[in-house]
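Chemist: Turn this into a model:
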Amino acid sequence: MNFDPDAAATPGSGIFGLPCTLAESRIVLLPVPFDATTSYRRGTANGPAAIRAASLQVDLYDRRFGKVYERGIFMAEESVQIRSLSESAGTAAAPLIAGAGTTGDPKADARILAQVATACEQVNDIVYEDTARVIRDGKVPGLIGGEHSTPFGAIQACAEHQDGVGILHIDAHMDLREAFEGFEWSHASIMHNVIHKIPGVKRLVQVGIRDFGERELALAKSQGKRVKVCFYDDWAEQSLDGTFFRSLCAAAIDPLPERVYVSFDIDGLDPSLCPHTGTPVPGGLSFNQATLLLHALHRSGRKVVGFDLVEVAPGEEGSPEWDANVGARVLYKLCGLG
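Modeler: Now for the predicted structure:
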């Protein structure tokens, strides 16, 4: 690739200012601009475009992951169909979300739930087919959301292609609710759906967790060794008591099988790094801690077969693009795993 990684991004260049074509790229990024079930505040559907714009300012040599750009990284165009589904389903879902799961009219509730479920299932199908195509081409898929419901199809495709995968899930939330506000395919239900509907996922390791319900905790415990939860307050306490952070990372990674999918919800980070995300929670990993965790996974020798970055939401027009700036840098490090 005749490319100067230290030069400014040229007009019309791709993600991270790269000139890579799809054929030249090992890593293929799939934007999924969908956020119909977001329960606190919407905006993550605009995350992929904001990350793409911010990526042009990322310096391309990474001290821990090296010359990531040499892998070749290509970002596909947004799906007009997914954007349309997000807008129509989001409009339909709004009254139900405003009523904390009910409009007061059971028949209206049922109609809304059916419409949103149909939209989410269509998104799942599109994402599955797009991801499966990337895998068949011998490339590594990376999904950019959108809300956290969006990677289901990608995880399904990766798990079916491999002989069992583990998931490293970085998040403030467990996302183990059977449904939230009535929505089966809620952003708060992604890992519930994964462990119940994708048998190829053999192990789920959750890091950064600090906001969850009692039933989610009970479900995690009921799964035995299949689900390992690394609670953020435990990590904070152990760090204060002198445990090295690298040791915490090693203990989290140890149960994962050889092939790993990484699901990175940006709200797993401290909210100062993602102030406009849909459901921010105090606490969380610093940027350096997240980088060290990903690097520990990389150094473990495990094969990362796919990844996603979700819940990045740009601020209001005219505000600094801090969320996208951080998101683009997290994304580049995720590309370094592929």
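Chemist: got a list of what the closest residue to residue 43 other than its chain neighbours touches?
Modeler: Distances taken as CB to CB, 6 or more residues apart in numbering place residue 313 nearest to residue 43, at 3.7 Å, with adjacent residues excluded. Just so you know, the C-beta spots here come from the backbone N, C-alpha and C atoms, and that holds for glycine as well. Neighbouring residues of residue 313 by CB atoms under 8 Å, 6 or more residues apart in numbering: 41-44, 46-47, 50, 274, 276-278, 323.
Chemist: Just the helices from the stretch 101-250 of the chain, written as ranges.
Modeler: For the stretch 101-250 of the chain, applying DSSP state H, counting those that start in this stretch gives helices covering 106-136, 152-161, 190-197, 214-222, 232-240, 245-253.
Chemist: Go through the ones you listed and name the closest to residue 20.
Modeler: Among those, helix 106-136 comes nearest to residue 20, with 14.1 Å by CB to CB.
Chemist: just checking, what packs against that closest one?
Modeler: strand 27-32, helix 80-98, strand 140-145, helix 152-161, strand 303-310 (3 or more CB pairs under 8 Å, 6 or more residues apart in numbering; DSSP states H and E).
Chemist: The residue nearest to residue 43 sits in which helix or strand?
Modeler: Using DSSP states H and E, no element contains residue 313; it sits outside every helix and strand.
Chemist: low-confidence ranges in the protein?
Modeler: Counting by pLDDT under 70, the chain contains low-confidence ranges at 1, 317-320.
Chemist: Not counting sequence-adjacent ones, nearest residue to residue 273?
Modeler: With CB to CB, 6+ apart as the criterion, residue 273 has its nearest non-adjacent residue at 4.8 Å, and that residue is residue 326.
Chemist: cool, residue 134 as well?
Modeler: residue 141 (4.2 Å).
Chemist: is it true that the one you found touches residue 128?
Modeler: No. Residue 141 sits out of contact with residue 128 when judged by CB atoms under 8 Å, with a separation of 10.6 Å.
Chemist: and those two? which has more neighbours close in?
Modeler: Taking other CB atoms under 10 Å, residue 141 and residue 128 do not tie; residue 141 has more neighbours (27 against 18).
Chemist: How much space separates that one from residue 325?
Modeler: Distance, residue 141 to residue 325, by CB to CB, to the nearest Å: 24 Å.
Chemist: ditto for residue 59
Modeler: Using CB to CB, residue 59 is found at 12 Å from residue 325.
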